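Q: Make a model of this:
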Amino acid sequence: MSKKGKVLVAMSGGIDSTVTALMLHNQGYEVVGITMKTWDYAASGGSKKETGCCNLDSFNDARQAAVEHGFAHYILDIRDEFGDFVIENFVEEYIAGRTPNPCVLCNTHIKWRALLKRADALDCEFIATGHYAKIRQHDNGRFIVSKAVDDTKDQSYVLWGLQQDLLSRTLLPLGPYRKTEIRQMALEFGYPELAKKSESYEICFVPDNDYRGFLKRRVEGLEEKVNGGNFVDKYGNILGQHKGYPFYTIGQRKGLDIALGKPVFVTKIDPDNNTVVLGDEEDLEQNEMTVSKLNMIKYDLISPGMEVTTKIRYKDKGTLSNIYPDKANVNVRFYEKAKGIAPGQSAVFYEGDDVVAGGIIQTGTLPAVDGH
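A: Below you'll find the model as predicted:
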């Protein structure tokens, strides 16, 4: 038995997870590799060749690395667990006029839980992934997610939903490194092709990146149900006809197929009235929003008025704000207006580099907050 302990490493076959496994192996951990099949692309009806983490080449790349370095490797089929929750939520959110973030849900409810379950079965003390983020234990005893050294690759935003029992057993060895260093490590480990391997930023179950086509294939008769609605302005004036409200997202400018003599953006989606509201870029700017389904990370509770930097999307730089707990929700007031707040997306609150908490954006309209 290794003095460092036994660790179950999620291996997709890509550079980050492979280097993670080999790094931990060299550090003296007893590594067990596991590759999770989350989705059968052929079932989605996509038109392109299967890509990403769930194809046979990726499985073989992960297994080869394990064999060459002398540690065990397993393939885990979690298609049923994944499909029932993540994909149904993805479809339901778009039908409700919101913009979901399936990667956050998958991390929170599927992948980490599946890893922990198998780690226990294999007597592994730890689980590890190739995410660019850090985990440490705070003086208050809680385990905290923090930003990675490489801010261009930081993935702390998508890990806000991990609960304390998961964080306490998770290793993220890539957090202290830059991507260029990881590519160099891949070369030094003897994997030049892996070092040059392109990365996929697509949703794994929509690998042709056409979520509208996926929705149409997934929901029978969807176009007939949602077609024929109106584009309207913020005053309710009809501007034209849209192709179905689930096929639009907040902030969208391209692909609207409407000529109004100036650039316009989707500012609101109203499924109840089958309308899509269009407006100017400044109409996307808001001072406040409500966030629900909170997961606390750094502290047990939020102090009313706590100052944080709030990110409303993965590539968002963040905006200084005050947050106010309100029963099951948190009300957020920005110092400067935030642009493109989209219900269904994740809001993540940072104190410096540390994730304080995260949740799901519900609305950009708030009740008055006493004393502010």
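Q: Do you have the helices of the stretch 1-150 of the chain handy? List them.
A: Under the criterion DSSP state H, counting those that start in this stretch, helices of the stretch 1-150 of the chain are mapped to 15-26, 56-69, 79-82, 88-95, 102-105, 112-121.
Q: winner for burial among those helices?
A: helix 15-26 (a mean of 23; mean count of other Cβ atoms under 10 Å). C-betas here are computed from N, CA, C, even on glycine.
Q: now that helix: mean pLDDT?
A: Over the span of helix 15-26, the pLDDT mean works out to 96.
Q: circling back to that earlier point, so which of the helices of the stretch 1-150 of the chain gets nearest residue 344?
A: helix 88-95 (4.9 Å; Cβ to Cβ).
Q: and the closest one, how far out from the chain's middle?
A: 15 Å (Cα atoms, centre = their mean, to the nearest Å).
Q: Can you tell me what sits against that helix?
A: Here helix 88-95 makes contact (Cβ atoms under 8 Å, 6 or more residues apart in numbering) with 99-100, 102, 105, 205, 211, 215, 218-219, 246, 271, 344.
Q: Compile these into TSV and extend it with columns for pLDDT and distance to residue 261.
A: Shown next, in TSV, are those (pLDDT from 0 to 100; distance: Cβ to Cβ, whole Å):
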residue	pLDDT	distance to residue 261
99	90	27
100	89	33
102	87	37
105	84	40
205	78	39
211	85	29
215	87	31
218	85	36
219	86	35
246	92	27
271	92	28
344	93	31
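Q: Between all of these, which two are separated the most?
A: Distance extremes for these: the farthest pair is 205 and 271 at 22.6 Å, using Cβ to Cβ.
Q: the more surrounded of those two?
A: Using other Cβ atoms under 10 Å, the more surrounded residue of residue 205 and residue 271 is residue 205, with 25 against 16.
Q: Low-confidence bits of this structure, can you list those?
A: Within the chain, the segments meeting pLDDT under 70 span 1-2, 40-56, 198-202, 207, 364-372.
Q: care to break it down by domain?
A: Domain assignment for the chain by automatic domain parsing gives 6-196, 227-279, 285-363.
Q: on that earlier part again, put together a markdown table for the helices of the stretch 1-150 of the chain, with distance to residue 32 on each row.
A: Listed next are the helices of the stretch 1-150 of the chain as a markdown table, based on distance: least, Cβ to Cβ, whole Å:
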| stretch | distance to residue 32 |
| --- | --- |
| helix 15-26 | 9 |
| helix 56-69 | 9 |
| helix 79-82 | 20 |
| helix 88-95 | 30 |
| helix 102-105 | 24 |
| helix 112-121 | 8 |
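Q: Which of those helices sits closest to residue 338?
A: Here helix 102-105 is closest among the helices of the stretch 1-150 of the chain (Cβ to Cβ), at 18.7 Å.
Q: Would you enumerate the residues in contact with residue 211?
A: 94, 203.
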